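Asks: I would like the atomic coordinates for the input below:
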Amino acid sequence: MAPMTNFASDKNGNVTEEELAYYKRRAKNVSMVITATTYVTESGKGFPGEFAAYSDDFMPSLKRLAETIKSEGALAILQIFHAGRMALPNEIPNNETISASAVAPERPGAVTPREMTDIEIDYTIKAFGDATRRAIMAGFDGVEIHGANTYLIQQFFSPHSNRRNDNWGGTIEKRMNFPLAVIAEVKRVIKAEGQSDFIVGYRFSPEEIENPGITLDDTLKLVDVLSKQELSYLHVSLNNFWQGSIRDNSNTDPVILKIKDAVKGRVPLIGVGSIRTPDDALKAIDSGVEFIALGRELIMEPEWSEKIKTDKPKQILTTLSKKDKEALDIPEALWQSIMNTPGWFPVTE
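Replies: Residues are numbered from 1 along each chain as shown. From the prediction side, this is the model:
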């Protein structure tokens with residue numbers, strides 16, 4: 001199950017009963033559940049209704065989530081992140097966003113963040129380690145470091161959001177230093193806790209549309225370095241598994257295949273994006289990518305894999321009816337977001 005924000009946690013950052021029901025329903029028929037992302041410091045909150053992992057106060061909440069997922073037989077992976085300049089100003093301390101540099105996102109109404117100091121950078125790196133320790137104590141099977149989708153780790157790698165000229169920026173190698181430091185800290189904590197089998201994944205977005213922005217060539221260099229970090233897997237964030245470049249519309253060669261070639265089998269890959277039918281999944285697996293994640297498909301059809309195993313593929317739901325909320329255990333806030341975001345899901349009366 002791919003990581004998907006569900007907006008369902010309470011105002012204090014704790015998971016709710018409807019959120020647990022949502023995960024329990026979908027954990028029955030998958031091998032691994034990657035949770036919605038959780039923020040590792042108070043300044044890192046990126047969504048309303050997001051659960052937190054920045055303090056030991058959230059241990060009971062995290063334990064309930066891990067136990068719920070694992071009770072259905074799936075591995076439980078906690079996705080950890082900091083939103084950086086994409087954080088919600090009205091829900092973070094001092095209403096002040098922070099990032100690699102004081103550069104606003106290129107979108108309407110965007111706020112210009114404050115450039116992080118070296119002390120803040122070190123504190124945030126440590127916070128990823130602290131969140132990993134909490135994941136271990138809560139009973140999760142692993143963590144996924146969220147280096148994708150324009151959030152803080154990606155902001156340090158991006159030449160758009162990182163204009164620094166110090167140890168954290170100035171060259172592509174230095175722009176890799178923050179994500180690599182996060183990985184190193186996470187692995188240090190795991191070793192200190194004696195967890196040799198604890199899973200560590202890393203999610204990334206292959207390109208940015210901004211100019212300057214992350215190019216596929218940049219990402220292939222990053223992937224080569226990531227493949228040497230003894231990670232459990234790499235997870236490519238894509239809207240469509242087979243999509244080509246978003247920076248060059250004339251280049252329709254699937255990005256995922258170029259990434260696979262760069263990895264050279266050194267670490268397993270997870271692919272995702274618009275895999276709706278069994279045939280879609282088989283075609284994706286035939287590409288050589290080791291694992292496939294399902295996102296929207298599991299919201300619409302929690303029994304997706306079960307219906308394939310029981311030879312009922314034609315019964316797989318591929319649309320949402322406006323009457324489906326309770327039957328599918330979809331949290332109210334997520335349901336409202338789906339209903340009010342045209343084109344996100346295929347919705348019928």
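Asks: Correct me if wrong, but residue 106 is in a strand.
Replies: No - going by DSSP: H, G, I helix; E, B strand; the rest coil, the assignment for residue 106 is coil, not a strand.
Asks: what's the helix ranked longest in the chain packed up against?
Replies: Assignment by DSSP state H gives helix 118-138 as the longest helix of the chain. For helix 118-138, the packing partners by 3 or more Cβ pairs under 8 Å, 6 or more residues apart in numbering; DSSP states H and E come out as helix 59-70, strand 75-81, strand 142-147, helix 177-192. C-betas here are computed from N, CA, C, even on glycine.
Asks: Give me the contacts around the host helix or strand of residue 260.
Replies: According to DSSP states H and E, residue 260 maps onto helix 255-263. Helix 255-263 is contacted from outside by 206-207, 216, 219-220, 223-224, 227, 234, 236, 238, 241-245, 269, 271, 287-289, using Cβ atoms under 8 Å, 6 or more residues apart in numbering.
Asks: would CSV of the helices and strands packed on helix 118-138 with mean pLDDT, distance to residue 298 and mean neighbour count be doable?
Replies: As requested, the helices and strands packed on helix 118-138 are exported to CSV (pLDDT from 0 to 100; distance: least, Cβ to Cβ, whole Å; neighbours: other Cβ atoms under 10 Å):
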stretch, mean pLDDT, distance to residue 298, mean neighbour count
helix 59-70, 99, 13, 20
strand 75-81, 99, 15, 26
strand 142-147, 99, 16, 26
helix 177-192, 99, 26, 19
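Asks: Looking at the ones you listed, which is nearest to residue 201?
Replies: Closest to residue 201 of the helices and strands packed on helix 118-138 is strand 142-147 (Cβ to Cβ; 4.1 Å).
Asks: what angle sits between that closest one and helix 177-192?
Replies: Angle, strand 142-147 to helix 177-192, by axes from the mean of the first three to the mean of the last three Cα atoms, to 10 degrees: 170 degrees.
Asks: Describe which strands strand 142-147 pairs with in its sheet and in which direction.
Replies: strand 75-81 (parallel), strand 199-204 (parallel) (DSSP bridges).
Asks: quick one on the thing from earlier: which members of the contacts of helix 255-263 are classed as buried?
Replies: Buried subset of those (neighbour count, 16 or more other Cβ atoms under 10 Å): 206-207, 216, 219-220, 223, 227, 234, 236, 238, 241-245, 269, 271, 287, 289.
Asks: among these, which are in strands?
Replies: Among the buried ones among the contacts of helix 255-263, the members falling in strands (DSSP state E) are 234, 236, 269, 271.
Asks: wouldn't the first one be in contact with residue 268 here?
Replies: Same thing as residue 234. Yes - using Cβ atoms under 8 Å, residue 234 is in contact with residue 268, at 7.4 Å.
Asks: need the contact list for residue 44.
Replies: Counted by Cβ under 8 Å, 6+ apart, residue 44 has contacts 54, 81-84, 87, 92, 124, 127, 152.
Asks: Make a markdown table out of these and add distance to residue 166.
Replies: Formatted as a markdown table, these follow (distance: Cβ to Cβ, whole Å):
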| residue | distance to residue 166 |
| --- | --- |
| 54 | 26 |
| 81 | 23 |
| 82 | 19 |
| 83 | 22 |
| 84 | 17 |
| 87 | 23 |
| 92 | 25 |
| 124 | 16 |
| 127 | 20 |
| 152 | 17 |
